[in-house]
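Engineer: Make a model of this:
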Amino acid sequence: MYWRSSTRKGELPPSHEWERIRQRVIRRDKGLCQGVLSEGALCGHPGTDVDHIRPGNDHSMGNLQLLCGWCHKRKTQAESRAALAALPPMPKANIPLGVREPPP
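Structural biologist: Numbering: from 1, shown residues only. So this is what the prediction gives:
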């Protein structure tokens, strides 16, 4: 999992509690990815990542699922695209080249 660029790890319960929750999810999902493929079938590959179905800090079993790395990455990318699309557009700057500040 890519925690280096994320603040998400700090929002999880303490590590010993999160590991207990994580193991419960793995057992419940029988170690298999619960990601839904485009044709509607479950992925079924070995799961590696416990994912929050809905964004936020709801760590209840009903909001957690086991995903394989590929499905988790695909879901995270889709959520990122949706969040970026919801941002207001950047203003267009028509600053002549000679007036612009040089890049750092």
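Engineer: Now do the contacts for the closest residue to Leu64 other than its chain neighbours.
Structural biologist: Among residues not flanking Leu64 along the chain, Val25 sits closest, at 4.9 Å (CB to CB, 6 or more residues apart in numbering). C-beta: built from backbone N, CA, C; applies to glycine. Under the criterion of CB atoms under 8 Å, 6 or more residues apart in numbering, the contact partners of Val25 comprise 50, 61, 64-66.
Engineer: Is Val25 in a helix, a strand, or coil?
Structural biologist: Of the three states, Val25 takes helix according to DSSP: H, G, I helix; E, B strand; the rest coil.
Engineer: mind checking pLDDT for it?
Structural biologist: On the pLDDT scale, Val25 is placed at 97.
Engineer: where do the strands sit along this protein?
Structural biologist: Defined through DSSP state E, the strands belonging to the chain, from first to last, are 49-52, 64-67.
Engineer: Of those strands, flag the one that's most buried.
Structural biologist: Among the strands of the chain, the stretch with the highest mean neighbour count (mean count of other CB atoms under 10 Å) is strand 64-67, at a mean of 22.
Engineer: average pLDDT across that strand?
Structural biologist: Throughout strand 64-67, pLDDT has a mean value of 97.
Engineer: what about the closest residue to Pro13 other than its chain neighbours, distance to Val99?
Structural biologist: If you skip the residues right next to it in sequence, Pro13 has His59 as its closest partner in space, 6.0 Å away by CB to CB, 6+ apart. Summarising the geometry, the distance separating His59 from Val99, computed by CB to CB, to the nearest Å, is 51 Å.
Engineer: give me the number of residues near the closest residue in space to Ile53 that isn't next to it in sequence?
Structural biologist: Residue nearest to Ile53 in three dimensions, not counting chain neighbours: Asn63, with 5.1 Å by CB to CB, 6+ apart. Using other CB atoms under 10 Å as the criterion, Asn63 is surrounded by 14 other residues.
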